[in-house]
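1. structure for this input, please:
(chains A and B)
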Number of protein chains: 2
Amino acid sequence: MGDVANPGPGRPRLEQRTRRGRTPRAEILDAAGELFTTNGYANTSTRAVADAVGIRQASLYHHFGAKDDILDALLSETIAAPLELAERLREIEEPAHIRLYALARFDVRQLCAARWNLGALYLLPEVRTERFAPFRLRRDELREHYERLAADTVAAAGEDGVPGAQMLPFRLVETVISIRSDAGGGAPEYAERTIPDSTLRMLGWTGDLDEVRGAAGDLLDRLAAPLPLG
Amino acid sequence: MGDVANPGPGRPRLEQRTRRGRTPRAEILDAAGELFTTNGYANTSTRAVADAVGIRQASLYHHFGAKDDILDALLSETIAAPLELAERLREIEEPAHIRLYALARFDVRQLCAARWNLGALYLLPEVRTERFAPFRLRRDELREHYERLAADTVAAAGEDGVPGAQMLPFRLVETVISIRSDAGGGAPEYAERTIPDSTLRMLGWTGDLDEVRGAAGDLLDRLAAPLPLG
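-> Presented below is the predicted three-dimensional model:
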C-alpha cells in the first residue's frame, strides 16, 4: 500500500507526477519528447521514460509496445495537423499563394509551439529504417502538398520563376527546427512571419504581403485550423 | 607476427583496409562519418570505429582522445571551407549579392559533395553541450557572414524587403542536409543552382540570375576556392 513519504512500488506517481498531458499516454509522450530531444533517442531507455512519468515500465508497455512506437507517435504528431490542413486546403477556392501562405504559417507556428523540438528527430538514422516507412510516406504527402501549392503559385505569378523553387517552401518551413535548436529552446518571433513571407518572395510572387497575411489569417479562422498545444 | 590468412592482432589492417583517406586520421574520420550518420552517434563506440578502419582501439586513441573529439573534427570539417571563403569574401570589392551567391553556391556544393551527410549531426543533443561550444561559435561566425551579406544585398536592392529575411539564406543553404537525408544519400542536382538562386529572390533581389551566376563563378575561380573532396 505505502504512504506518500514512502510510496509502495505501485504509487510513486503521486510524488513524481510533473508531466504535461491529461492522459497517461500523453504524459509518456511528453516525457519521451523531452528525453529524446535532450538526451538523445539511443541514450534513452523505455525504463527512463517510465521513470520520468512516474509509472512502472510494465504500465508504459500497456500503451506502447516498444520504444520505436513512442518515436513513431511523436514524429506523427509533428505532421498530423499540417497534413490535415493541407488536405482541407485542396478543396478551398482561394488563390494558391494564399493557401500556401496559410499552410506555411500554420506549420511554422505549430513547429514552434510544440513543447519539444521534435522535428530534430527527423534526421535520426533510425527514421530511415523500414519501421518508419509509413511515417516517411505521410511526410512525403505533406511535402507534395507544399510542392503543388508552390508550383501553382509560380504558374499564377506568370513570371519565369527559379527552376525547382517549388521544392523549397517545405524545406524553408522546416528550418524553424534548426532555428529552435540553435536558440536552445523556442524560436525567435520573426520566424512566424518571415518564413511564410519569404516563401512567397522566393517563388517570384511580388504582390502585397499585408493583404496575403490578412487573407490567409481569415482562411485559417474560417477553417478553425486547430493549433496543437505545445 | 601472423600471415595474411591469419593476421596477428597488430596486422588486421592489411585485409580490412577499405577506407578512404590517405592518412590513418582521415580513415578514422571517414569510418566515423559513416557510422555516426548511418548507425547513430550514441550507438557507435570507438571500438566499432577502430574495427571499421581495421586498426586497434589503442591506435585510434593515438589520433583522437575520445569519441567526442572525432565528432568535433567531423563537425568542424563541414564549416571550415565555407568559413574560410566567407572571410576572404569580406575583403573583396564585389557587390554583396554576388559574394552571397558565391558563398551559398560553394557551401551547398561542399555539403552535397561530402561523402557522408555530416550536417545531420548538427541536431544531436550532444552538440549543445559545453564540449561543443567552440564548434558552435565557429558555426555562428559563418551564420553571421551570411547575415551580413544578406543585409547588404537587401540594402543595395533598395526595396522594402521582408523584415528578418536576412536570417534565412544560411538556413536555406543548410536545407540540403535534410534534402540529402530524405533522398537517402546524395542531393538532387537542382539544389546547387536552385538554392543560391532562391536565396537572392527571397531577399527581394530581382536582377538577372544568369549574370550573377557567371560573376559568382568567376569570383570562385579567382579565389580558387577549394572544394573539399567527399
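
2. excluding its backbone neighbours, what's nearest the residue most central in space within chain A?
-> The residue lying closest to the centre of chain A (Cα atoms, centre = their mean) is residue A:78, at 2.5 Å. Closest residue to residue A:78 apart from its sequence neighbours, by Cβ to Cβ, 6 or more residues apart in numbering or on different chains: residue A:118 at 5.0 Å. For every residue, glycine as well, the C-beta is placed using N, CA and C.

3. next, the contact list for residue A:37, please.
-> Residues near residue A:37 by Cβ atoms under 8 Å, 6 or more residues apart in numbering or on different chains: A:116-118, A:120-121, B:125.

4. if we go to 10 Å?
-> By Cβ atoms under 10 Å, 6 or more residues apart in numbering or on different chains, the residues touching residue A:37 are A:44, A:74, A:115-121, A:180-181, B:123, B:125, B:128.

5. now swap in residue A:195 and tell me
-> A:104-105, A:107-109, A:111-112, A:169, A:172-176, A:179, A:187, B:162, B:164-165, B:167-168, B:171.

6. before we move on, back to that, per-residue pLDDT of the residue nearest to residue A:78, please?
-> Residue A:118 carries a pLDDT value of 97.

7. OK, contacts around it?
-> Residues near residue A:118 by Cβ under 10 Å, 6+ apart: A:29, A:32-33, A:36-37, A:71, A:74-79, A:111, A:177.

8. one more pass at 7 Å, please.
-> Taking Cβ atoms under 7 Å, 6 or more residues apart in numbering or on different chains, we find residue A:118 in contact with A:33, A:37, A:74-75, A:77-78.

9. export those to TSV and append columns for distance to residue B:60, pLDDT and secondary structure.
-> Putting the contacts of residue A:118 into TSV (distance: Cβ to Cβ, whole Å; pLDDT from 0 to 100; DSSP: H, G, I helix; E, B strand; the rest coil) gives the following:
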residue	distance to residue B:60	pLDDT	secondary structure
A:33	35	98	helix
A:37	30	97	helix
A:74	35	98	helix
A:75	34	98	helix
A:77	40	95	helix
A:78	37	97	helix
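
10. just the closest of those residues to chain B, please.
-> Nearest to chain B among the contacts of residue A:118 is residue A:37, at 6.6 Å by Cβ to the nearest Cβ.

11. how much space between the closest residue to that closest one other than its chain neighbours and residue A:38?
-> What sits nearest to residue A:37 in space, not counting adjacent residues and going by Cβ to Cβ, 6+ apart, is residue A:116, at 4.7 Å. Look at residue A:116 and residue A:38: by Cβ to Cβ, to the nearest Å, they are 8 Å apart.

12. which of these two has more neighbours?
-> Between residue A:116 and residue A:38, residue A:116 has the larger neighbour count (other Cβ atoms under 10 Å in any protein chain shown), namely 23 against 13.

13. wait, the more buried one touches residue A:35, no?
-> No. Residue A:116 is beyond contact range of residue A:35, at 9.2 Å (criterion: Cβ atoms under 7 Å).

14. thought the residue nearest to the centre of chain A was touching residue A:119?
-> Yes. Contact criterion Cβ under 7 Å: residue A:78 and residue A:119 qualify, at 5.6 Å.

15. what touches both of the two?
-> Joint contacts of residue A:78 and residue A:119 (Cβ under 7 Å, 6+ apart) are residue A:111.

16. list the residues that contact residue A:180.
-> Contact analysis of residue A:180 by Cβ under 7 Å, 6+ apart lists A:112, A:117, A:186-187.

17. top of these by neighbour count?
-> Using other Cβ under 10 Å as the neighbour test, these are led by residue A:117, with 25 neighbours.

18. quick one: that one from residue A:95, how far?
-> Residue A:117 sits 32 Å away from residue A:95, going by Cβ to Cβ.

19. next: residue A:158.
-> Residue A:158 is 13 Å from residue A:95, where distance means Cβ to Cβ.

20. likewise for residue A:120?
-> Distance, residue A:120 to residue A:95, using Cβ to Cβ: 34 Å.

21. now residue A:169
-> Distance of residue A:169 to residue A:95, given as Cβ to Cβ: 15 Å.

22. and what of residue A:78?
-> Relative to residue A:95, and taking Cβ to Cβ, residue A:78 is found at 27 Å.

23. please apply the same query to residue A:204.
-> Per Cβ to Cβ, residue A:204 is found 15 Å from residue A:95.

24. and residue A:108, by the same measure?
-> Look at residue A:108 and residue A:95: by Cβ to Cβ, they are 20 Å apart.

25. quick one, which of the two is more surrounded?
-> residue A:108 (25 against 17).

26. residues touching the more buried one, list them.
-> Counting by Cβ under 7 Å, 6+ apart, residue A:108 makes contact with A:173, A:176, A:191-192, A:195-196.

27. what secondary structure does it sit in?
-> Assigned by DSSP: H, G, I helix; E, B strand; the rest coil, the conformation of residue A:108 is helix.

28. quick one: it from chain B, how far?
-> 12 Å (Cβ to the nearest Cβ, to the nearest Å).

29. same check, this time on residue A:24
-> Counting by Cβ to the nearest Cβ, the separation of residue A:24 from chain B is 25 Å.
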